[in-house]
Structures are given as C-alpha cells and as structure tokens.
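Chemist: give me the fold of what follows.
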Amino acid sequence: MVESVETAVPLCRDFVPELIRVVERGGDDQGVAWNVVESLELLLDAGAFKDALALATSVVAMLGDDRRNRLFQAYVELCNVVQGAQLATSLEKIEGLAIEIEHGGFSANDRCWSAIVLARAIEVGVYSRALPESDLFRARTILAREFSKGEEATNPQTHIKVGLELAQSYLNSPTPELPAAREMLTRLYSLCGSLGVCPDLSFDVARLLHQVGGEELMTADRLRELAYPLGGVARGLAELTISRREPFMEERSVISLEKALMLFEESSYRSGEYQALIALAGASADLEHHAKAYRLFSRADVVASAGGFLYGRGVALLGLFHSALASAELENARRGAEKLRALCSSEIFVAAFGLNVVAAHQLVGRSEVASKIAMRCEKIFASNGNHALTAQAAFMLGASQADAGKWKQARASWKRALTCDELRRSYISACDRRASLAQAIAMVDFTESGELRESTIAEIERLLSQSEEALRPFGQSTQALQALGKTLHIHAQLAILAKQPLNALKYLNRARECFVQVGVEREVALTDGLIGLALLEASKQSGTQLLDEAVGALQRALEFFARVGQVSVSWKIRYYLTVACIMKSQQLSDPLHREAHRQMATGFLEEASSESSLVEGDSGMPRASTGDGDFSPGLRPEVLGPLRKVLGLTQRGRKPKGQSKVSLKASPKYGRFLH
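Modeler: Sure, this is the predicted structure:
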C-alpha cells in the first residue's frame, strides 16, 4: 500500500510505470510503502495527472478525518484544476487548506509543500489566462518566502525544490524572464554542490541552467554525463533540453528530439513524451510537412489525454487543426475543431483557448458555434477585468455575426470592443474597431433600405476622423500606417456603397501609399482590387477609359490572390472582372470585339463559380471572418446567377448561345458592386 511515511523506498523517474501500476491496483501486493508526497510529485512531474489524482483521492479516503489529510486534499484540488475543474472553487479550497496548515501546528515540510501547491494552482490560472498576470507575483512571493527560510527549516532537498519552483515561475511566465531564471538557477547550482542533494535534483537544476543559456557552467556534453547514470528518463530530458539550445529544425536538434521521445515512451514519462512530440510536430509544420505534423500532433493529443493534461490537449489539437487545414484535409480539420469545442465545457479551457477555438470555427465556416464560444470568452474575460481580451472576444463575436449577415448584432459587439480599447487607451487597436463598426453601421442601413442615408455617411466620416486624429501622434510607425490603411480600406468600400466612387479612390490611393511604405504585399493587392471596384463604379458615368483602368487594377489584384490560393477573395475579383467585360462588350460596336469580351466574361464567370463553390456550405474550403480587411463584404455566390443569364448560360458549364436578351443594367442583383 502506498502510505504517508517519512522513510520509504527511494523513488526515481524510471520507476513511474511501476508506481502507476500500484496506483491502478490500489496497493502493492508485497506491502512496500512509499512516501505519498514524493510519489505525488513523481506522478505530477511525469504528466500523470489522472494517476496523481487517483493516489491523492485514495489517501484522503484512507485517512478519513485525520488532520494529515489537509495536504492531500490540496493535491486533489490541484489535480482537478489541471484537468479542467472550476478554478475559483478549487483555488478557494487550496487557499483555505494552506491557511489551516500554516497555522495549525503542522510540520515544516507540510507547510512548505502546501505553499508550493498553492503557488502552482495560481500559476495554472495565470498561464491559462483565467487569472490576471499580476497574480503571478503573488505565487512568486509565496515561493520566495519559503525559499528564504533556508534548508534548516525543512531539509536541503525541499529547499532546492522550492528554488526550482521559483526559477520555473520566471522561465514559464507569459513573458519569460530569463535573466531572473538564470540568476536563481546559478545560485541553486552552487547550493547543490555545497548541500549534497541527490543526483536527480542536481540534474534538474543543471538541465534548466543549460536551457536558459548557462553554457559556461553546463555544456551539452556535461549535461549528458550527468544524465547517463540516472536512467532513461534523465537521458531523455537531457536530449530534450539540448535540442532547445540547438538551431531549430537542424538535423542535430531533430535527432536529439527523436532520441528523447524513444526514451520517454519506454518509461511512461508522459510530460517528456508530450514535449518531444510537440517540438517535432512544430518542426514538421515549419518545414510544411503537414501530414507528418498532423500525425505527431495527434499522438501528442493522445498522450495529453491519457495523462489528464487539459492545457496540453489544447495546444496539440490546435496544431492538429492547422496542419489539417494547411494540407486541405478539411474533414480532419473539422473533427479537430469539434474536439476543441467539446473541451470548452471547462471554463479554464475557454480562458486559455477560447479565442483560438472561435477562430478555428470561423475558418471552417461555422459562425453559429464561433459566436456561442466568443460570447463565453467575452463574459469570462470581462468578469476577470481583462479589457484587452474582452475587446478581442467582442471583436471576434462581431466578426462571426457579420459573417452570418447579422449586422445589427455585429454593430453592438463591435461597439463593446471599441469601448474596451478606448478605456485601456489602445489607440491603434481602437482604429480597427472603429473601421469594423463603420462597416456594420453602413451594412445595417444598406440591408434595410438599399442605400446609405446622409446621417449614416456622416457617422461613418466621424469615425474615420476620430481614427486619423488618434493615429496622428504615431507618425510614420509601421503599426500606425497599417491601421490607417485598413481604416481607409473600409471607408473606401463604404464610399462605393454610398455611390461615391471618387471619394473611394481618394481613400484607396492614400491606403496604397501606406501599404507600399510598410511593404505588405497582400494589403497592396487588396487595395488594387478595391481601386478596381471604385473605378468600375465610376465608369458607369465616365465611360471606357475608367473601365479599362478598372480591369487593369482588378487583374493586378487577381494575380496575387490566385497565386496564394485565397479563393475567398479571388472568386469575388473574377465576378467583378466578369461584370467589367460584359460592360465593355456593351460599349463596343465591332461584333468580333464584342464577342471576344463576352468570351472573356464567360471564362471569368466559370472560374468564379468553381472557386465560390469552395467557400460556401459545410463541405467547402475554410474561410476566415476577421471583421476587417475583407473584400466586398456581403457578396455571396448567388450574385453569379444573373450573370449566367446575361451570358446565355442557363446552367453551369454550358457555352453561351447567341446574344442574351437580359441587359446588364436591368439586373438589380449585380448592378451594385458592393453587396
């Protein structure tokens, strides 16, 4: 039976498989006893959170009302948090137990381990964004207080372990503080030699010291020497640490990772196995070996699931999703997105990955699911007082609502996002929100009345003026230029909608200058497409020359979007090129030239039809809804139908037969170029 005893059989990482078997059986047939805290720490270190929970729960049941139960109850709550339990409830219990242990006459060791468990629970909340980053200082204060008591308060082993926890709080924080981690680890490395702690603990200090760049004290060869007598897991950890210091994706790094993975698999050391799989998967994805990356991320998800590591599952499933997306394995991508959605039953998972899950469902065209998760994200972040993430959640919610054509709801969501950014004085981000809000205001008016009222145009202009004024102090900074360019994009599209193409051209020429100066090719191409729309609209009154310029601008845009394979934009550009070619044919008197332009229009239309079929419905290609930088928002594949009639195509794929009797100007469905 695994019992709470101070003296017991020494444990090591390679003993994890046997310890797991003992936990699963509920006891040891030979009656051998191990220190429970040491056993729990070994299981947590190995990423066996489910087994640690089972062990702690069994000990709590065994001890009953015994006061020694308090520490193991804290371990139960910590294991629950890691696996997705309500953070506030578990953290409250752990804090209460820590206070009771601190002031209830418990041993120095119990007080120390209670403090460590409390600090870990806080860190889990911070790392998952369920708690503000400022709470990390509270966790560090708790650990620093225990470390300052010295080895006399507990014992050298526990003293060094507290120091390691403190060093890792610097290393693993949302913004890693490597100098602070390096300073602490250098100090611990010196203490290990003077205090004579066990080789396993000295090795842990040494490998983290190497990881943070302490090669002058701990070279790769020296680290391997220290690991060799300690067993397979230590050798695997050495290789994993060394791979992180090698240039990423080089052959030596991959060899170290693969060797580490093999050693971890042999020892049921899930945390190491998971880290090696994630690193190998990331390297494969960066090399665009997406099928291999998908398999590795899938294996990482299995390992994290077996151990009960919820955060690890989120990282693995997101990697899996994007790898499937990159290799056009759309059904696998949807399955990955659905697995992510299912994990959103945990509030701590929503805090950590909710926005990523929203983006994933936007990419596969599931706006309704994305909206529901975005609402939860906004509520959680607002309750935590995190204005930045609240703004992002509201913004993404508005994008999903706009993608579904719910412009009134999108308008309300984007207003909330703007309010959050204005409260936190995030001036550049607020400009993006204003641009999206202007789009929603216009689309609400347009969908209700088919035009923009003067009051709406005035409100849109006011939002643009506010953004330009807010960006003026930033001068020619890259961020300010990009924000201004995106803002001008939206206002140009709305000027086209308001039948003010000359104003649109004024905005777009300024936007193009911004993007050329910054050097962002996609935005330049998007601007060319919008210039084509403005010229196309203006050509209705000004004739052939502007129409030719419109075709040239649209073709420049098409060249880029076809090259990068972004069919969600390229089909729209082909639609407008079809319209332009039909208009050109109607202006020509020569039958041969007229027919040639109609044939060009037919070619553009067929390609637009093929591409549009990839972005609609549940079986289509992925599409993103970001709320800004869109091209012709609201344009749907249904607009292609009237053009088929104009060209005499009664069904897709048929050649035109003679001159159509349908006039381009007579069709209300495509007479406007922004829908």
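Chemist: tell me the contacts of residue 166?
Modeler: Residue 166 makes contact with 140, 143-144, 147, 184 under the criterion C-beta atoms under 8 Å, 6 or more residues apart in numbering. (Glycine included, C-beta is placed from N, CA and C.)
Chemist: closest one to residue 383 out of the residues you listed, please.
Modeler: residue 140 (24.5 Å; C-beta to C-beta).
Chemist: report the buried residues of the host helix or strand of the closest one.
Modeler: Assigned by DSSP states H and E, residue 140 falls within helix 135-148. If you call a residue buried by 16 or more other C-beta atoms under 10 Å, then helix 135-148 has these buried ones: 136, 139-140, 142-144, 146-147.
Chemist: that one: what's the following helix or strand?
Modeler: helix 156-171.
Chemist: only C-alpha atoms, please: export that next one in PDB.
Modeler: Output in PDB follows, covering the C-alpha atoms of helix 156-171 (Å, rounded to 0.1, in the frame of the first residue of the first chain):
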ATOM      1  CA  PRO A 156      18.300  20.500   1.600                       C
ATOM      2  CA  GLN A 157      16.200  18.600  -0.900                       C
ATOM      3  CA  THR A 158      13.000  20.500  -0.200                       C
ATOM      4  CA  HIS A 159      14.800  23.800  -0.100                       C
ATOM      5  CA  ILE A 160      16.300  23.200  -3.600                       C
ATOM      6  CA  LYS A 161      12.900  22.100  -4.900                       C
ATOM      7  CA  VAL A 162      11.300  25.300  -3.700                       C
ATOM      8  CA  GLY A 163      14.100  27.200  -5.500                       C
ATOM      9  CA  LEU A 164      13.400  25.300  -8.700                       C
ATOM     10  CA  GLU A 165       9.700  26.100  -8.500                       C
ATOM     11  CA  LEU A 166      10.700  29.800  -8.200                       C
ATOM     12  CA  ALA A 167      13.100  29.600 -11.100                       C
ATOM     13  CA  GLN A 168      10.400  27.900 -13.300                       C
ATOM     14  CA  SER A 169       7.900  30.700 -12.400                       C
ATOM     15  CA  TYR A 170      10.300  33.100 -14.200                       C
ATOM     16  CA  LEU A 171      11.000  30.700 -17.100                       C
END
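Chemist: and that helix, how far from the chain's centre?
Modeler: 30 Å (C-alpha atoms, centre = their mean, to the nearest Å).
Chemist: could you point out the helix or strand that follows that helix?
Modeler: helix 178-195.
Chemist: name the residues that touch the following helix or strand past that following helix?
Modeler: The first helix or strand that comes after helix 178-195 along the chain, using DSSP H and E, is helix 199-211. Residues from elsewhere that reach helix 199-211, judged by C-beta under 8 Å, 6+ apart: 12-13, 157, 160-161, 164, 167-168, 171, 181-182, 185-186, 188-189, 192-193, 217-220, 222-223, 226-227, 229-230, 234, 237-238, 241-242, 244-245.
Chemist: do the same with stretch 132-146
Modeler: Residues external to stretch 132-146 that are found in contact with it (C-beta under 8 Å, 6+ apart): 112, 115-116, 118-120, 122-123, 125-126, 153, 162, 165-166, 169-170, 173-175, 384-386.
Chemist: ok, now stretch 594-609?
Modeler: Contacts to stretch 594-609, defined as C-beta under 8 Å, 6+ apart, come from residues 571-572, 574-575, 577-578, 581-582, 584-586, 588, 637, 640, 643-644, 647, 649, 652-653, 655-656.
Chemist: buried residues, it. List them.
Modeler: Residues 594, 597-598, 600-602, 604-609 are the ones in stretch 594-609 that count as buried (16+ other C-beta under 10 Å).
Chemist: isn't residue 186 up against residue 217?
Modeler: Yes - Residue 186 lies in contact with residue 217 (C-beta atoms under 8 Å); the separation is 6.8 Å.
Chemist: what about those two, which has more around it?
Modeler: residue 186 (18 against 14; other C-beta atoms under 10 Å).
Chemist: right, and residue 350 touches residue 341 too?
Modeler: No - assessed by C-beta under 8 Å, residue 350 is found out of contact with residue 341, at 10.4 Å.
Chemist: find residues that contact each of the two.
Modeler: 357, 373.
Chemist: between the two, who's got more neighbours?
Modeler: residue 350 (25 against 18).
Chemist: distance of that one from residue 381?
Modeler: Distance, residue 350 to residue 381, by C-beta to C-beta, to the nearest Å: 10 Å.
Chemist: run a quick neighbour tally on residue 258.
Modeler: Residue 258 - counted by other C-beta under 10 Å - has 14 other residues nearby.
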